[in-house]
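**Q** Here you go, sequence then predicted model.
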Protein chains: 2
Amino acid sequence: MSEVPEPRVSLNEVAYRRLRSEIITCRLAPGQRLTEKQLAADLGVSTAPLRDALTRLDHEGLIHTVPFKGYRVAPLTPRSIDDLFVVWRIIGPEVIRLGMTRASDDQLAAARAAFDEMGDRVPGDAGAVHDIDLVNATFGTLAEATGNDYLVTVYRRLMGDMSRIRALRLTSEVDDPSATSEGHWVRHVLAERDPDRAAEQARRHIDEVHQRVLQAVVRWPSVMSSEVSVSQPR
Amino acid sequence: MSEVPEPRVSLNEVAYRRLRSEIITCRLAPGQRLTEKQLAADLGVSTAPLRDALTRLDHEGLIHTVPFKGYRVAPLTPRSIDDLFVVWRIIGPEVIRLGMTRASDDQLAAARAAFDEMGDRVPGDAGAVHDIDLVNATFGTLAEATGNDYLVTVYRRLMGDMSRIRALRLTSEVDDPSATSEGHWVRHVLAERDPDRAAEQARRHIDEVHQRVLQAVVRWPSVMSSEVSVSQPR
DNA sequence: CCGCGAAATGTCGCAGGCAAAGAATGGAGC
DNA sequence: GCTCCATTCTTTGCCTGCGACATTTCGCGG
């Protein structure tokens, strides 16, 4: 009925999305120095839209800017990772609780359907989804179900940073086969509509992931951005 | 003796600070349309640094941008206000709890001293501080005491939006003389170092303010930005 | 009264110049 | 001969002005 009207998108938007994607997938390593001209050349845009993107990412926390000096990808240290989990542990369960109380039946059914669909993908596939992706997607839809735009914004940003952690090569440790098994807790939570229990399950899940990531960080401290010296771009 | 190193500040920074100040004090009314040239002329800067500031404020949620159409100050509706309080209620108490557990004795003493100093100001003075300012300042120092930079960032943004609500003329309703009396709860909380109790007190405080603001909004719906948000489908 | 097209308003993006920070170089002192 | 410091030079972020495109508005014709 409605032709997608080709949502014209500004260049600063594509620069932002692309740069953000490069960062949260760690193709641009944490701590790496960034220069305007180099990035502009790589992205095929001028400095103006690029600066726009850099500004947004700085305010988002993915880039650190030192005025008149330069930009660099926000370092990812054990400390910052821990900070992130602390905040996630505070907000995450409450998002779930609120979502479970406020979501309509349709929204809940949609979340359940989305979860099942994603879960059906075969592990090992190119587009295979990790357990964290699965849970995050469900959490995201529930956050939207709260109807609280502010909360959604905060949570989205949180999930973005979370993706960056996952993009490190810790995934093999983080992934837990048992978590993706049939009787996944998310399935139960989405079925029974018990806000308190759902929040508790979410908290437990977050704590588990936190512990696993902590152990992984201890095992591979090399992936952290300990040295941020002059690394020539490209 | 101590030469102030004159921290060179970029134009986009002054544009950002000034524009943000104009917004959170509601000198720029919620929902008001903004044009680049007008603002650039008012602030005495060119369009480039202004756009930088606008971008940051948009990402911060204080400005809504529609690509290729224009900017406007983020509307302030009863709904958005409620959203804000919901998030504050989630984060605030945990910030206090974490601050009370992690803060050093010196930090706690500093927070207490700052609170007493601010509280000593005579009501009615030009620089008189409202109860909310008082509490927010204390909360802010405690947030920093957590050592969690991420949490501090989130909380700072929250406090900014809170200022905007207070800047509406609801203050006379929001202010409660009893709250600023001698035995203020913050004083007790800062003295005894009981994280759980502190968090509980904070939660209670937030709920009280929430209720008062709600009542004020009901009494004066006129200050809300109801007339401008035509094209704002949620 | 309604649809259509052209002017006006305003945003988006580019190229270039300016100034500051850091790197490189040359010279003086030990 | 080595080290340290001052100066020069290059890199790089910051900003101004202008031109191009999109959106809205207004006027004309039907």
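**A** Perfect, thanks for sending it.
**Q** From the chain's centroid, how far away is the helix or strand where A:Asp42 lies?
**A** Counting by DSSP states H and E, the element that carries A:Asp42 is helix A:36-43. Offset of helix A:36-43 from its chain centre (C-alpha atoms, centre = their mean, to the nearest Å): 25 Å.
**Q** Show me which positions of it end up buried.
**A** A:39-40, A:43 (16 or more other C-beta atoms under 10 Å in any protein chain shown). Using the backbone N, CA and C atoms, a C-beta is placed for each residue, glycine as well.
**Q** interface residues of chain A facing DNA strand D?
**A** Residues of chain A found near DNA strand D (C-beta under 7 Å from any atom of the strand) are A:8, A:34-37, A:47-48, A:51, A:65, A:67-71.
**Q** follow-up on the earlier one: list just the nearest of the buried residues of helix A:36-43 to DNA strand C.
**A** Relative to DNA strand C, the closest of these is A:Ala40; by C-beta to the nearest atom of the strand it sits at 7.9 Å.
**Q** correct me, but A:His205 touches A:His184?
**A** No. If you go by C-beta atoms under 8 Å, A:His205 and A:His184 don't touch, sitting 10.1 Å apart.
**Q** Give me the buried positions along stretch A:65-75.
**A** A:65, A:71-75.
**Q** ok, now stretch A:100-110?
**A** The neighbour-count check on stretch A:100-110 (16+ other C-beta under 10 Å) flags A:100, A:103, A:107-108 as buried.
**Q** how about those, which pair is most distant?
**A** Using C-beta to C-beta, these span at most 10.3 Å, a distance reached by A:Met100 and A:Gln107.
**Q** Distance of A:Ala103 relative to DNA strand D?
**A** 33 Å (C-beta to the nearest atom of the strand, to the nearest Å).
**Q** Just the strands from chain A, written as ranges.
**A** A:33-34, A:63-66, A:70-73 (DSSP state E).
**Q** With mean pLDDT added, can I get those in a markdown table?
**A** Listed next are the strands of chain A as a markdown table, based on pLDDT from 0 to 100:
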| stretch | mean pLDDT |
| --- | --- |
| strand A:33-34 | 96 |
| strand A:63-66 | 95 |
| strand A:70-73 | 95 |
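**Q** how about a markdown table for the buried residues of helix A:36-43, with distance to A:Asp82 and pLDDT added?
**A** Compiled in a markdown table, the buried residues of helix A:36-43 are given as follows (distance: C-beta to C-beta, whole Å; pLDDT from 0 to 100):
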| residue | distance to A:Asp82 | pLDDT |
| --- | --- | --- |
| A:Leu39 | 30 | 94 |
| A:Ala40 | 35 | 94 |
| A:Leu43 | 32 | 93 |
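**Q** Quickly name whichever of those is closest to B:Asp194.
**A** A:Leu39 (50.0 Å).
**Q** residues contacting A:Val86?
**A** B:98, B:148, B:150-151 (C-beta atoms under 8 Å, 6 or more residues apart in numbering or on different chains).
**Q** Nearest to DNA strand D among the residues you listed?
**A** Nearest to DNA strand D among the contacts of A:Val86 is B:Tyr150, at 23.1 Å by C-beta to the nearest atom of the strand.
**Q** hey, which helix or strand in chain A has the poorest pLDDT?
**A** The helix or strand of chain A with the lowest confidence, counting by mean pLDDT, DSSP states H and E, is helix A:171-174 at a mean of 50.
**Q** Helices of chain A, start to end?
**A** A:11-24, A:36-43, A:47-60, A:78-102, A:105-119, A:131-145, A:149-167, A:171-174, A:185-192, A:195-219 (DSSP state H).
**Q** residues making contact with the second one?
**A** Okay, so that is helix A:36-43. A:14-15, A:18-19, A:46-47, A:50-51, A:54, A:71, A:233-234.
**Q** Now which of these would you call buried?
**A** Looks like those have A:15, A:18-19, A:50-51, A:54, A:71 buried, using 16+ other C-beta under 10 Å.
**Q** Get me the contact residues on chain A for DNA strand C.
**A** By C-beta under 7 Å from any atom of the strand, the residues of chain A that approach DNA strand C are A:10-13, A:45-49, A:52, A:68-69, A:230.
**Q** would TSV of those with pLDDT be doable?
**A** Below are the residues of chain A next to DNA strand C laid out as TSV (pLDDT from 0 to 100):
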residue	pLDDT
A:Ser10	91
A:Leu11	93
A:Asn12	93
A:Glu13	94
A:Val45	93
A:Ser46	94
A:Thr47	95
A:Ala48	94
A:Pro49	95
A:Asp52	95
A:Phe68	93
A:Lys69	93
A:Val230	35
